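[1] okay, here's the prediction I keep looking at, along with the sequence it came from:
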Amino acid sequence: SAVISQKPSRDICQRGTSLTIQCQVDSQVTMMFWYRQQPGQSLTLIATANQGSEATYESGFVIDKFPISRPNLTFSTLTVSNMSPEDSSIYLCSVWWEATDTQYFGPGTRLTVL
Amino acid sequence: GQNIDQPTEMTATEGAIVQINCTYQTSGFNGLFWYQQHAGEAPTFLSYNVLDGLEEKGRFSSFLSRSKGYSYLLLKELQMKDSASYLCAVRDLPRGYQKVTFGTGTKLQVIP
């Protein structure tokens, strides 16, 4: 299985600022994903981040608001730009583990925007 | 589009058996996942069904019927620690890339 870490684990930010969340995996993986989980709700896919290509964004999410980098097969970042209180959520990094056809999740980043 | 339905909440007694249902209507299908999520924690993988039938893994079993767009997660010998949300998720491969869509989750409360 894959071991995934995220930084920061939580942050409190001011409206209008930006936060970059880092995701590190202990093994090389082809597919990485970023999800958002708002309080009391299920997971919503923001985008798929594959190395060597631009991230693929889901409906309702745009690159200007959520720029993503994927410089190599073990690392990705998600930036939440020009934050508003509506962006308060848990942001989860996830990877697809091809050996077992399983998706694993990082511990999440709990973001509060004031 | 994707539409995945699960009951919002369920309550069951310690030691009993509970079945959590999931129905889906999706434009494509390449497998169904069940995840467990304790409050404040990330989801953890429970099972993955691609073919019809029952997959058993200890106290947890998962069933899939592709023709009916239906799955269930069966938890036996319930323990207090099984109190959590259970998420049904469908895997699709639209336009050649992978996408996993999650249902809203079922919050299970196990009572003594």
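    Thanks, I have it.
[2] please name the bridge partners of A:W96.
    Beta-bridge partners recorded for A:W96 (DSSP bridges): A:Q103.
[3] state the distance from it to A:S59.
    21 Å (C-beta to C-beta, to the nearest Å). For glycine as for every other residue, the C-beta is placed from the backbone atoms N, C-alpha and C.
[4] neighbour count: those two, which is higher?
    A:W96 (19 against 7; other C-beta atoms under 10 Å in any protein chain shown).
[5] now do the contacts for that one.
    A:29-33, A:102-103, B:98 (C-beta atoms under 8 Å, 6 or more residues apart in numbering or on different chains).
[6] looks like B:L74 contacts B:G58 (just checking).
    No. Checked against C-beta atoms under 8 Å, the pair B:L74 and B:G58 is beyond contact range at 11.3 Å.
[7] hang on, the earlier thing: buried subset of the contacts of A:W96 as a PyMOL selection?
    Selection of buried members from the contacts of A:W96 for PyMOL, criterion 16 or more other C-beta atoms under 10 Å in any protein chain shown:
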select buried, (chain A and resi 29+31+32+33+103) or (chain B and resi 98)
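[8] is stretch A:37-55 in proximity to chain B?
    Yes. Interface with chain B: stretch A:37-55 contributes A:41-45, A:48, A:50 (C-beta under 8 Å from any C-beta of the partner chain).
[9] hmm, back to that, so for B:L74 and B:G58, which sits in the more crowded spot?
    Counting neighbours by other C-beta under 10 Å for B:L74 and for B:G58 shows that B:L74 has the greater number, 15 against 7.
[10] so the more buried one bridges to which residues?
    Beta bridges link B:L74 to B:Q19, B:S61 when assigned by DSSP bridges.
[11] distance of it relative to B:F102?
    From B:L74 to B:F102 the distance is 20 Å (C-beta to C-beta).
[12] quick check: residues of chain A near chain B?
    By C-beta under 8 Å from any C-beta, the residues of chain A that approach chain B are A:31, A:33, A:41-45, A:48, A:50, A:56, A:58, A:92, A:96, A:101-108.
[13] can you say which of those residues are buried?
    Buried, going by 16+ other C-beta under 10 Å: A:31, A:33, A:42-45, A:48, A:50, A:56, A:92, A:96, A:103-108, out of the residues of chain A next to chain B.
[14] looking at those, which are in strands?
    Counting by DSSP state E, these place A:31, A:33, A:43-45, A:48, A:50, A:56, A:92, A:96, A:103-105 in strands.
[15] now tabulate these in JSON lines and tack on pLDDT.
    Shown next, in JSON lines, are these (pLDDT from 0 to 100):
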{"residue": "A:M31", "pLDDT": "88"}
{"residue": "A:F33", "pLDDT": "94"}
{"residue": "A:L43", "pLDDT": "92"}
{"residue": "A:T44", "pLDDT": "93"}
{"residue": "A:L45", "pLDDT": "92"}
{"residue": "A:T48", "pLDDT": "91"}
{"residue": "A:N50", "pLDDT": "82"}
{"residue": "A:T56", "pLDDT": "89"}
{"residue": "A:L92", "pLDDT": "97"}
{"residue": "A:W96", "pLDDT": "88"}
{"residue": "A:Q103", "pLDDT": "88"}
{"residue": "A:Y104", "pLDDT": "92"}
{"residue": "A:F105", "pLDDT": "94"}
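[16] quick one on the thing from earlier: out of the contacts of A:W96, which is nearest to B:N49?
    Distance to B:N49 across the contacts of A:W96 (C-beta to C-beta) is lowest for A:T102, with 12.3 Å.
[17] my read is that the closest one contacts B:F45, right?
    Yes. Counting by C-beta under 8 Å, A:T102 touches B:F45, with 5.3 Å between them.
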